[in-house]
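Peer 1: Everything below, folded, please.
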Amino acid sequence: MDTIPPPAAKAKDFLSILDLDHAGLGRLLTLARQMKADRRLGPAAPTAAALAGKHVALLFEKPSLRTRSTFEIAVRELGAHTLHLPAEFAEGVREPLEDIARNLERWVHALVLRTFGQEKALKMASAGKCLSVVNALTDEEHPCQALADVMTIRERLGRLEGVRVAYLGDGNNVCASLMVACAKLGAAFVAATPEGYEPAHEAVEIARKAGGQVDLTNDPREAAEGADALYTDVWTSMGQDDERERRLRDLAGFGIDETLVKLANDDAIVLHCLPAHYGEEIAEDVLYGPQSAVWDEAENRLHAQKALLALVIS
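Peer 2: Numbers count the residues shown, from 1 in each chain. The predicted model follows:
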């Protein structure tokens, strides 16, 4: 691949998995696979200087290991430079978020934002007319994680069309983004959650309108039966510590253990966006077991995000 071909329709921002249609997702995954294969070439890789001379600001209101590390490495490997902004800027107290975006667009080409409310990302994207804003996680969506997830599923199983993905636990932002991504790419999706923990109704409707098969159940065994991929996320995320005991009680029985793995297909893979709480949402022997694709999934954050930045930034 000598150059990055121009997209049919280029979105300025990536705030939601909805910002990429079926063709856009396919194109990004193809480029991510190429970038992963080419990484061994280092500076000699055809896409190594895809963003030479560009600048990308990172604004992380929430702590991060995988997202921060992979975005920083992605920017550097594409030949661009990072600008780290203090986390408190995302609060919008010192100055309005809109004004921060209006300043940044005079200096940098993109902003990678990890924050709480989706409205913050929307405000900054709207105000920064020339600034590409990338959603690195909000309470509503985690679209960059979904890119790595579908990349890993296709890499390990050889396809996405017709794959059955079972998500177990809390129907949170990770669940919502993955569900829509699966729907767009032809994978069937089932979410097994306790009552009151179902994925957002709007996300379910969006996925179904995209043509995806989306099922909801309160029975984890039903979801795991015949699944090609079992997926889970932590039950108590950042900002939910005061709800921990209640959430552990409510979600008991929805963790991925050896019993659920045996209900899935023989070649099924296990996915987790990490960090993991052993003995809660996943058993330690499953996370480190032969069917775990968790570490490939974590690595693929880098390659998927490299492709994303290369496609989004002008």
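Peer 1: Only C-alpha atoms from now on, for both contacts and neighbour counts.
Peer 2: Noted.
Peer 1: Flag the shaky bits of the stretch 101-250 of the chain, pLDDT-wise.
Peer 2: 238-241 (pLDDT under 70).
Peer 1: all strands for it, in order.
Peer 2: Listed in chain order, the strands of the stretch 101-250 of the chain (DSSP state E, counting those that start in this stretch) span 110-114, 132-135, 164-168, 188-192, 214-217, 229-232.
Peer 1: can I get these in a markdown table with mean neighbour count?
Peer 2: Listed next are the strands of the stretch 101-250 of the chain as a markdown table, based on neighbours: other Cα atoms under 10 Å:
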| stretch | mean neighbour count |
| --- | --- |
| strand 110-114 | 27 |
| strand 132-135 | 26 |
| strand 164-168 | 29 |
| strand 188-192 | 26 |
| strand 214-217 | 17 |
| strand 229-232 | 25 |
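Peer 1: Make CSV out of those strands and add distance to Ala252.
Peer 2: Conversion of these to CSV gives the following (distance: least, Cα to Cα, whole Å):
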stretch, distance to Ala252
strand 110-114, 29
strand 132-135, 31
strand 164-168, 11
strand 188-192, 12
strand 214-217, 15
strand 229-232, 13
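Peer 1: so which of the ones you listed comes closest to Ala304?
Peer 2: Closest of those to Ala304 is strand 132-135, at 12.8 Å (criterion: Cα to Cα).
Peer 1: number of nearby residues for Arg246?
Peer 2: 10 (other Cα atoms under 10 Å).
Peer 1: quick one: it and Ala183, what's the gap?
Peer 2: For Arg246, the distance to Ala183 (Cα to Cα, to the nearest Å) stands at 32 Å.
Peer 1: swap in Ile206?
Peer 2: Ile206 is 9 Å from Ala183, by Cα to Cα.
Peer 1: Name the residue in the two with the higher neighbour count.
Peer 2: For Ile206 versus Ala183, neighbours defined as other Cα under 10 Å are more numerous around Ala183 (24 against 17).
Peer 1: circling back to that earlier point, overlap in contacts of Ile206 and Ala183?
Peer 2: Common neighbours of Ile206 and Ala183, counting by Cα atoms under 8 Å, 6 or more residues apart in numbering, are absent.
Peer 1: Helices along this structure, start to end?
Peer 2: Taking DSSP state H, the helices of the chain run over residues 22-38, 66-77, 97-104, 118-127, 143-157, 173-185, 201-209, 220-224, 244-251, 258-263, 284-287, 294-312.
Peer 1: which helices and strands does the fourth one pack with?
Peer 2: Going back to what we said before, that points to helix 118-127. When contacts are defined as 3 or more Cα pairs under 8 Å, 6 or more residues apart in numbering; DSSP states H and E, helix 118-127 sits against helix 97-104, strand 132-135.
Peer 1: One more: the fifth one?
Peer 2: The elements that helix 143-157 packs onto, with contact taken as 3+ Cα pairs under 8 Å, 6+ apart, are helix 173-185, helix 294-312.
Peer 1: swap in the second one?
Peer 2: Using 3+ Cα pairs under 8 Å, 6+ apart as the contact criterion, the elements in contact with helix 66-77 are strand 81-85, helix 294-312.
Peer 1: Just the C-alpha atoms of the first one, please, in PDB.
Peer 2: Right, the one you point to is strand 81-85. What follows is strand 81-85 as a C-alpha-only set of coordinates in PDB (Å, rounded to 0.1, in the frame of the first residue of the first chain):
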ATOM      1  CA  HIS A  81       3.400  15.200  17.400                       C
ATOM      2  CA  THR A  82       1.300  15.000  20.600                       C
ATOM      3  CA  LEU A  83       0.300  17.900  22.900                       C
ATOM      4  CA  HIS A  84      -0.800  16.800  26.400                       C
ATOM      5  CA  LEU A  85      -3.500  19.000  28.000                       C
END
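Peer 1: if we can go back for a sec, rebuild the helices and strands packed on helix 118-127 as JSON lines, extending it with distance to Gly42.
Peer 2: JSON lines is the format used below for the helices and strands packed on helix 118-127 (distance: least, Cα to Cα, whole Å):
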{"stretch": "helix 97-104", "distance to Gly42": "30"}
{"stretch": "strand 132-135", "distance to Gly42": "25"}
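Peer 1: Nearest approach to Val163 belongs to which of the ones you listed?
Peer 2: strand 132-135 (26.5 Å).
Peer 1: Centre of the chain to the closest one, how far?
Peer 2: The chain centre lies 13 Å from the centre of strand 132-135; the measure is Cα atoms, centre = their mean, to the nearest Å.
Peer 1: repeat for stretch 117-137
Peer 2: 16 Å.
Peer 1: Could you do stretch 288-302 as well?
Peer 2: For stretch 288-302, the distance to the chain centre is 14 Å (Cα atoms, centre = their mean).
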